[in-house]
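Chemist: Compute the structure for the input listed below.
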Amino acid sequence: MEKRYLPTHELVLRLQELDLMVYATEDEHEPVSMVIVGGAAFMLAGLTDRTTTHDIDVIVADTAIARHMSDFEEMNTRCSVFLDCLPYGFEDRLMEIELGLSSITVLRPSLEDLVVMKLRASRGHDMEDITSQAVLSLIDWGLLDTLVYDPDEAQASCMSDIEYLSLTYRYKDYRRKYRGTTQGGAAHDL
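Modeler: Residues are numbered from 1 along each chain as shown. I've put the predicted structure just below:
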């Protein structure tokens, strides 16, 4: 079966449907959350020029949510490998994507954590996401430097020294090309 391309409004619809399912089946109505990454996180947060994605990559979801995600072919729950692409302490920097849902809080890693993840993956659409004007105008370059170079962040989550060297190489190139493109930013070599 060929994957569909989902625009932002369809991503929101799927999450609203999931929210209703969780609300209808849970007795306690305690707040529950899910953490999404990838193109859907960028799109729902208004951080990319991309207009479609194939799925919603869910890396963490409370049990009340997880039991319903299989009802949605757009929910990619086989992406725990993405956890290795995020800096080690990303959980401390999670941000809410405000969607007006009643039962579910949708979270995403910080912009800087997402940039590190995309640099680690380094696919064509990954670079498209992290070079959008929305991203470049919001990046905290100091935090991004810390996430890449602090041994307790990206380096701690890398599986090998080669993988970490590849990340730092890509980051230096990204920083050189794009740091000076934001208002008030100046290109600096590390």
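Chemist: going forward, measure contacts between C-alpha atoms and count neighbours the same way
Modeler: Fine.
Chemist: Show me the helices in the protein, by range?
Modeler: With DSSP state H, the ranges of helices along the chain come out as 8-25, 38-44, 63-69, 111-121, 124-130, 133-138, 141-149, 154-157, 161-178.
Chemist: and the fourth one, C-alpha only, in PDB?
Modeler: Right, helix 111-121. Extracted in PDB, the C-alpha atoms of helix 111-121 (Å, rounded to 0.1, in the frame of the first residue of the first chain):
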ATOM      1  CA  LEU A 111      13.800  23.100  18.400                       C
ATOM      2  CA  GLU A 112      17.500  22.700  19.100                       C
ATOM      3  CA  ASP A 113      17.000  19.000  20.000                       C
ATOM      4  CA  LEU A 114      15.000  18.500  16.800                       C
ATOM      5  CA  VAL A 115      17.800  20.200  14.800                       C
ATOM      6  CA  VAL A 116      20.400  17.800  16.300                       C
ATOM      7  CA  MET A 117      18.100  14.800  15.500                       C
ATOM      8  CA  LYS A 118      17.700  16.000  11.900                       C
ATOM      9  CA  LEU A 119      21.500  16.600  11.500                       C
ATOM     10  CA  ARG A 120      22.100  13.000  12.800                       C
ATOM     11  CA  ALA A 121      19.600  11.600  10.300                       C
END
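Chemist: List the buried residues for that helix?
Modeler: 111, 112, 113, 114, 115, 116, 117, 118, 119, 120 (16 or more other Cα atoms under 10 Å).
Chemist: try the last one
Modeler: By 16+ other Cα under 10 Å, the buried positions in helix 161-178 come out as 164, 167, 168, 170, 171, 175, 176, 178.
Chemist: same thing with the third one?
Modeler: Buried residues in helix 63-69, defined by neighbour count with 16+ other Cα under 10 Å: 64, 65, 66, 69.
Chemist: other SSEs contacting it?
Modeler: helix 8-25, strand 32-37 (3 or more Cα pairs under 8 Å, 6 or more residues apart in numbering; DSSP states H and E).
Chemist: Format those as CSV; extra columns: mean neighbour count.
Modeler: Formatted as CSV, the helices and strands packed on helix 63-69 follow (neighbours: other Cα atoms under 10 Å):
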stretch, mean neighbour count
helix 8-25, 17
strand 32-37, 21
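Chemist: For residue 57, find the nearest of the helices of the chain.
Modeler: Closest to residue 57 of these is helix 38-44 (Cα to Cα; 6.1 Å).
Chemist: Just the residues contacting that closest one, thanks.
Modeler: Contacts to helix 38-44, defined as Cα atoms under 8 Å, 6 or more residues apart in numbering, come from residues 8, 11-12, 48-53, 55-57, 97, 108, 114, 118, 129.
Chemist: what's the distance between residue 137 and residue 48?
Modeler: Per Cα to Cα, to the nearest Å, residue 137 is found 12 Å from residue 48.
Chemist: With neighbour numbers in mind, choose between these two.
Modeler: Neighbour count, other Cα atoms under 10 Å: between residue 137 and residue 48, residue 48 has more, with 20 against 16.
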